[in-house]
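> quick one, fold the following:
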Amino acid sequence: MMPPLLPRRLLELSLALAILLAANGGVGAQLPVYFPDDPIARDPETQDASKVAAWAISDPYDFIENTFFKPGDRGPRRAMNVNTIDEVPDSSWFTNRAGFRPLSADEVHRSGDTTDGPAPGKWTIVSGKTDGVTPGFTIRDTAGATWFIKFDPPSNPEMSTGAEMVATKLFWALGYHVPENHLAVMVRDNLERDPKATIRDLRGRHRALTEDDVDGLLMQAARNDDGTYRVIASRALPGTPVGPFRYFSTRPDDPNDIYPHEHHRELRGLRVFAAWLNHDDSRSINSLDTILDRDGRRIVWHHLIDFGSTLGSGSIYAQKPRAGNEYLWEARPTIVTALTLGLWVRPWIKVKYPDIKSVGNFEATFFQPEAWKPEYPNAAFDQVQPDDLFWAARRVMAIPDELIRAAVDAAQYSDARASSYVQSVLVARRDKVGLSWLTHVNPLADFVLARDGTLTFNNAAVDAKRAAPAETYSVQWARFDNNTGEATPVGTAETTKTRSARLPAAATGAPFVEARVSAHTTAYAAWAEPVVVRFRKDGGGWSLVGLRRGPEPAQPEVAK
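Residues are numbered from 1 along each chain as shown. Alright, predicted model coming up:
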């Protein structure tokens, strides 16, 4: 009987090995490089996760552990959860959207919402929130749905709620699982307390919530001229909450959590998305796992939550100029400041921001994507490799101006300057992301081998208008043996000035063929490193089954 925690791919490999050993008398058996289901489009959760228990992660401890102890595997490794064509399959962590299929402005504006917000009628407060950064309430609407209510700070009306709306829409478009967030208007007289409502005091003890507590929390919120409050209503996530996830290692009681989190591409690539949206609060506390029922078993679903500290918002104040530019603790700038008696001034302190209260501190002129930093080190961000950065940058560049506009429109800024400014900064930061990370690897992509043997491909950096076209391209063909992994070159490398080439007649009869495609330009030396693509004969045509960007791995890889 197979062990219950055996991952899907290991099961496939075990079965394949058994078949091959039997067929070859147990001697000289070799596993195929590509299986019939490659490249997989979805990484399935095959095991039941009913025994996953809720846990909590201490934010102070998370800061200390990540800042001073560098947790997780620190070896430079390719992402482990990519498929054979170097893409991230859909999973409980991620769903491919931008860059994978066309998105409409309406889709981005709704971002998977299933309702229009809390149902009309009284809001029943079931608890007050004083912990964390942003005060708020947990309420139950007249339809029985639970919502978490958060406010803007009095100093910056519309800032936190606006940033949360914009970021929610764009993180959804990028592929993450996010809460259903809505802007709503809250009226004090429309609130009623559940007799069992509680609040936690400064000592961490729960006690009954009083009317004075409600008024005290509202004193910390921006209030409209008519006495109402603009709020974010965040619907409770489906399933049973079991706490946040870490950005390293695995969740030990989840049998489907088989890849160390620092080697998940969508968590590594989150560094690019966080830099674009200035999500400096991208830490464990702003994630949440829930247990859902799927296909007759229970699985853990992973979410990003709480985007109040994005763009120019620091949730309860305008974002500090340090945000995105320096960790909370960095030895070097602290020591330099001390040694120079304060004469050395950090460059980011001199940055000027527009005086738009609903925006806070957000800009694109000083922004440098490669230098951007979250509040403190993140193990997945630290492990990001050039191919991860390229993958993420393509998805950022796949969000055109009109989809950015749709996300900004969802913030419903009352000041037209705010909408225009936020949109322009997001576009400028997006374009800087593309310039930084589309050009530092060979950017060839979208390979297609037609039935007639014509190979075509795109140049992602050129198509995004982040680089000039290459002077030439070179293509070296080979027959590929799926059983041994050996490639036998066919002819000599072909040089072309167009993004196309012809499969040599000598290779047309092979069941698998390989092409090593390089781009040559004096501007970017990295483009000369070939992208290796492999095609499998599929009926009378060819299907892409393998892609590797970057040098050959030092250790043998198991095709996923």
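
> for W437, what are its contacts?
V272, P369, P386, L389, F390, A392, A393 (Cβ atoms under 8 Å, 6 or more residues apart in numbering). In this view, the C-beta of every residue, glycine as well, is placed from N, C-alpha and C.

> may I see the ChimeraX selection of the buried members of those?
Buried subset of the contacts of W437, written as a ChimeraX selection, criterion 16 or more other Cβ atoms under 10 Å:
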select :272,369,389,390,392,393
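
> ok, of the contacts of W437, which one's closest to I232?
V272 (25.2 Å; Cβ to Cβ).

> output whichever strand or helix holds the closest one as CSV - backbone C-alpha positions only.
Under the criterion of DSSP states H and E, V272 resides in helix 270-277. Output of helix 270-277 as CSV, limited to C-alpha atoms (Å, rounded to 0.1, in the frame of the first residue of the first chain):
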residue,chain,number,x,y,z
LEU,A,270,5.6,38.2,-5.5
ARG,A,271,8.7,40.3,-5.0
VAL,A,272,8.2,41.9,-8.4
PHE,A,273,4.5,42.4,-7.9
ALA,A,274,5.1,43.8,-4.4
ALA,A,275,7.7,46.2,-5.8
TRP,A,276,5.3,47.4,-8.5
LEU,A,277,2.5,48.1,-6.0
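
> which other residues reach that helix?
Contacts for helix 270-277 (Cβ under 8 Å, 6+ apart): 166-167, 170-171, 174, 176, 279-280, 282, 304, 310-311, 324, 369, 372, 374, 378, 380-381, 384, 389, 392-393, 395-396, 426, 429-430, 433, 437.

> just these: which are in helices?
166-167, 170-171, 174, 380-381, 389, 392-393, 395-396, 426, 429-430, 433, 437 (DSSP state H).

> name the next helix or strand following the least confident helix or strand in the chain by mean pLDDT along the chain.
Within the chain, no helix or strand scores below helix 8-23, which has a mean of 43 by mean pLDDT, DSSP states H and E. Going down the chain from helix 8-23, the next helix or strand is helix 59-64, by DSSP H and E.

> got the buried residues for that following helix?
Buried residues in helix 59-64 (16+ other Cβ under 10 Å): D59, D62, F63.

> D116 belongs to a helix?
No - per DSSP: H, G, I helix; E, B strand; the rest coil, D116 lies outside any helix segment and is coil.

> count of neighbours near it?
10 (other Cβ atoms under 10 Å).

> cool, T290 as well?
20.

> name the element it belongs to?
strand 287-294.

> summarise which helices and strands that strand is packed against.
strand 240-241, strand 297-304 (3 or more Cβ pairs under 8 Å, 6 or more residues apart in numbering; DSSP states H and E).

> what pairs with it, parallel or antiparallel?
Strands that pair with strand 287-294, judged by DSSP bridges, come out as strand 240-241 (antiparallel), strand 297-304 (antiparallel).

> which residues touch that strand?
45, 49-50, 52, 237-245, 251, 298-305.

> now do 7 Å
For strand 287-294, the surrounding residues in contact (Cβ atoms under 7 Å, 6 or more residues apart in numbering) are 45, 49, 52, 237-245, 298-305.

> which parts of that strand are buried?
Under 16+ other Cβ under 10 Å, the buried positions of strand 287-294 are S287, L288, D289, T290, I291, L292.

> and which of these is nearest P511?
Once Cβ to Cβ is applied, the member of the buried residues of strand 287-294 that ends up nearest P511 is L292, at 40.5 Å.

> find the nearest non-adjacent residue to the closest one, please.
Of all residues not flanking L292 in the chain, G239 sits nearest, at 4.2 Å (Cβ to Cβ, 6 or more residues apart in numbering).

> what about the one you found, neighbour count?
18.

> do the one 3 residues further on as well
By the other Cβ under 10 Å criterion, the neighbourhood of V242 contains 20 residues.

> could you dump the strands paired with strand 287-294 into CSV and include distance to H109, mean neighbour count and mean pLDDT?
Below are these laid out as CSV (distance: least, Cβ to Cβ, whole Å; neighbours: other Cβ atoms under 10 Å; pLDDT from 0 to 100):
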stretch, distance to H109, mean neighbour count, mean pLDDT
strand 240-241, 27, 14, 97
strand 297-304, 19, 21, 97
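
> and T114, which of those is closest to it?
When the strands paired with strand 287-294 are ranked by proximity to T114 (Cβ to Cβ), strand 297-304 comes first, at 15.0 Å.

> which residues are in contact with that closest one?
45, 48-50, 52, 92-93, 171, 176-179, 237, 239, 242, 245, 251, 254, 256, 286-292.

> only C-alpha atoms, please: export that strand in CSV.
Extracted as CSV, the C-alpha positions of strand 297-304 are listed here (Å, rounded to 0.1, in the frame of the first residue of the first chain):
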residue,chain,number,x,y,z
ARG,A,297,-11.6,15.8,0.3
ARG,A,298,-10.4,18.8,2.3
ILE,A,299,-7.6,20.9,1.0
VAL,A,300,-5.8,24.0,2.2
TRP,A,301,-6.3,27.2,0.1
HIS,A,302,-3.8,30.0,0.3
HIS,A,303,-4.7,33.7,0.2
LEU,A,304,-3.0,37.1,0.3
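
> now that strand against helix 270-277, angle please.
40 degrees (axes from the mean of the first three to the mean of the last three Cα atoms, to 10 degrees).
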